[in-house]
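In: When you get a sec, could you give me coordinates for this:
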Amino acid sequence: MGTSQSREDHITDSDEYESEEEEVSEDEDQYDDAEEKPHQPSSKPKSKTLDASIDDVDAKLKALKLKYGSPSSSSAAQNQNAVKLYLHIGGNTPKAKWVVSDKPSYSFVKTFNVDGDDDYDDDVRSDREGQWVLKVGSKVRARVSTDMQLKMFGDQRRVDFVSKGVWALKFYTDEQYRRFVTEFQDYLFENVYGVKATEENKVKVYGKEFLGWAKPEAADDSAWDYDDIDIDQSPKSATPVRPSQDLMEEFEEAANGGVQSLTLGAMDNSFLVNDTGVQVYRNFNDGIHGKGVVAKFDSGGSSLGRSTPKKALLMRAETNMLLMSPLKEGKPQANGIQQLDIETGKIVTEWKFQKDGTDITMRDITNDTKASQLDPSESTFLGLDDNRLCQWDMRDRAGMVQNIAAANSPVLNWTQGHQFSRGTNFQCFATTGDGSIVVGSLEGKIRLYSKTSMRQAKTAFPGLGSPITHVDVTYDGKWVLGTTDTYLVLICTLFTDKDGKTKTAFSGRAGNKIPAPRLLKLTPLDSHLAGTDNRFHGGHFSWVTENGKQERHLVATVGKFSVVWDFQQVKNSGHECYRNQQGLKSCYCYKILLKDESIVESRFMHDNFAVTDSPEAPLVVATPMKVSSISLSGKR
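Out: Residues are numbered from 1 along each chain as shown. Predicted structure coming up:
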């Protein structure tokens with residue numbers, strides 16, 4: 001169910017002679033042939049007309065040399081930037097192909113007029129003003145950003161990117177190619193951080209401890225290949241990962257519509273939250289099946305607002321669910337939670353968030369640990385707001401919790417945490433198996449807190465310029481996954497301390513021993529097919545809650561795509577995706593599941609539901625109207 005690559009990975013010699021019919025004139029096609037093919041002597045006599053116009057032909061050839069330039073010539077600066085521009089047409093259909101669009105020169109221009117007329121650019125003199133834009137002839141004008149989804153093909157001297165279509169630039173020399181990539185990365189840094197990409201500025205942005213972010217080629221990648229668990233030999237794991245895995249849809253069921261979130265259970269049930277209530281599904285080894293049960297959350301005189309819950313959290317051996325509804329549409333913050341008793345299908349209690357007698361808000365909640373929802377006695381959970389990280393306790397100090405019929409909602413007890421003065425801009429968080437916490441922020445930083453302190457992060461990874469919208473972490477805390485709009489960032493937290501012991505950055509400061517992160521991206525073609533307004537969201541590892549088991553896959557959602565990466569493949573430093581890349585390594589090897597409407601969420605079921613002839617527990621994909629269960633194995 002993956003999208004066709006549509007000859008995306010290689011531009012063949014035959015593509016050199018295909019042209020964009022509506023854009024390339026017959027004369028230009030003729031001279032493309034004259035320029036690319038060796039001269040073949042003709043057996044036919046030359047016409048008098050041709051002899052008479054030899055001067056005109058010479059003039060045209062000279063004009064073409066001026067237009068396209070010679071890659072070996074250094075007489076004019078513009079010739080050093082000569083490229084071949086290709087356009088990808090046909091999408092992912094069998095007729096998809098690359099066509100020659102033009103043979104122009106490229107340039108990087110700093111301007112205020114990022115989206116304006118191609119023929120006009122402001123003269124920007126200040127180093128701190130304006131934005132860098134890539135211009136390629138008259139057909140491409142794009143702000144230098146991660147939205148371009150630039151992909152490098154070093155062995156082909158080629159880069160692909162998105163700009164109102166999918167384009168490829170082919171360079172005539174290796175030096176041209178390397179210079180372009182270096183310039184692009186420098187101007188991307190300047191557009192993101194507002195300062196030139198000098199060594200001094202990179203140290204200021206990333207810090208001395210994380211120079212691997214700035215110089216990945218100099219970073220120690222050995223930790224990426226570290227794995228103290230042999231997945232294929234682990235007695236607790238499912239069958240070994242096979243090299244050929246397909247996404248096979250097992251079955252699809254209609255939901256009641258308006259689905260807002262998917263909450264998977266590790267025990268008997270999973271849940272879809274929609275506009276009217278919570279739909280209950282039964283967990284099986286081949287996916288989830290609807291039970292026809294809907295728990296309504298109409299709570300009568302609610303003091304916490306009546307908007308549809310955007311966050312659902314299972315607790316107390318998955319017999320209770322916490323529902324958090326935003327105060328305002330489009331805003332994540334809530335002033336309290338509703339407690340749903342799953343067995344009765346009724347909201348039994350409403351809780352308020354308060355600190356020192358003052359009502360406060362939370363933007364996110366999560367369990368104390370990855371497995372704590374399975375604990376029948378669990379009464380605490382974690383909360384996050386822009387500048388707050390804390391733990392809440394549902395046990396009332398007076399010994400009895402007021403029910404929903406009471407005049408005032410009971411108040412959750414702030415048991416531990418910290419209210420930061422300003423500047424943290426927290427967005428999302430997740431917990432490990434032992435209760436350590438990873439927090440993503442608006443400026444792109446990812447902070448790690450140990451289970452013993454929420455006041456000061458043990459490690460704060462620098463941002464790459466894009467806000468972190470979602471985070472996840474493996475059960476053992478060795479790997480962190482951050483989601484941004486245009487890519488996923490995978491961080492290895494392992495390092496060796498001064499005593500030679502291997503630790504995670506949750507337990508100590510790693511200094512400069514943390515390896516550079518890796519990026520998980522869509523190819524420019526798939527990014528374009530996903531839609532201009534579609535962004536990555538909800539990046540997750542597959543789900544385990546036991547020591548000795550290892551996550552096998554990563555999944556994220558973008559538009560109508562569920563995108564799945566093989567975790568072992570991403571970690572492998574010798575993986576073919578990483579060859580001939582400059583800068584941070586990016587992995588493009590994934591499988592895509594395409595749905596007919598935008599996907600709300602994609603999650604792997606708990607490892608309990610992996611069966612002997614499948615390499616992974618089923619993948620569950622929820623859209624506003626349907627829920628699907630997917631197998632990663634083509635054979636059951």
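In: Show me what the lengthiest helix in the chain is in contact with.
Out: With secondary structure taken from DSSP state H, the chain has its longest helix at helix 174-193. If you take C-beta atoms under 8 Å, 6 or more residues apart in numbering as the criterion, helix 174-193 is touched by 71, 80-83, 106, 108, 131-132, 134, 143-146, 150, 152, 154, 157-159, 169, 171, 196-197, 201-202, 205, 464-465, 582-583. C-beta coordinates here come from the backbone N, C-alpha and C atoms, glycine included.
In: Quick check: mean pLDDT of it?
Out: Regarding helix 174-193, the rounded mean pLDDT is 95.
In: which parts of that helix are buried?
Out: 176-177, 180-181, 183-193 (16 or more other C-beta atoms under 10 Å).
In: Pick out whichever of those sits closest to residue 625.
Out: residue 192 (38.0 Å; C-beta to C-beta).
In: Mind telling me what element the nearest residue to residue 349 once chain neighbours are set aside is part of?
Out: Using C-beta to C-beta, 6 or more residues apart in numbering and skipping residues adjacent in sequence, the residue nearest residue 349 is residue 339, 4.3 Å away. Applying DSSP states H and E as the criterion places residue 339 in strand 336-341.
In: what do you get for residue 313?
Out: Assigned by DSSP H and E, residue 313 falls in strand 311-315.
In: still on that earlier bit, in its sheet, which strands sit next to the strand holding residue 339, and in what direction?
Out: strand 320-324 (antiparallel), strand 346-352 (antiparallel) (DSSP bridges).
In: So which of these is the most surrounded?
Out: strand 320-324 (a mean of 23; mean count of other C-beta atoms under 10 Å).
In: Tell me, please, where in the stretch 451-600 of the chain the pLDDT is lower than the cut-off.
Out: 511, 532 (pLDDT under 70).
In: hey, where'd the helices end up in it?
Out: 524-530, 567-571 (DSSP state H, counting those that start in this stretch).
In: Show residues contacting the longest one.
Out: Right, the one you point to is helix 524-530. Contacts for helix 524-530 (C-beta under 8 Å, 6+ apart): 3, 5-6, 8, 88, 91-92, 148-151, 160-162, 165-167, 486, 521-522, 558-561, 592.
In: switch the cut-off to 6 Å
Out: Residues outside helix 524-530 that contact it (C-beta atoms under 6 Å, 6 or more residues apart in numbering) are 3, 8, 149, 151, 160, 161, 162, 166, 558, 559, 561.
In: Most neighbours among these, which one?
Out: residue 561 (27 neighbours; other C-beta atoms under 10 Å).
In: what is that one paired to in the beta sheet?
Out: Where residue 561 sits in a bridge, its partners, by DSSP bridges, are residue 558, residue 594.
In: Does it touch residue 592 like I think?
Out: Yes. Contact criterion C-beta atoms under 6 Å: residue 561 and residue 592 qualify, at 5.1 Å.
In: Could I get the pLDDT score of residue 130?
Out: For residue 130, pLDDT reads 88.
In: next one: phi and psi at it?
Out: phi 80, psi 180 (degrees, to the nearest 10).
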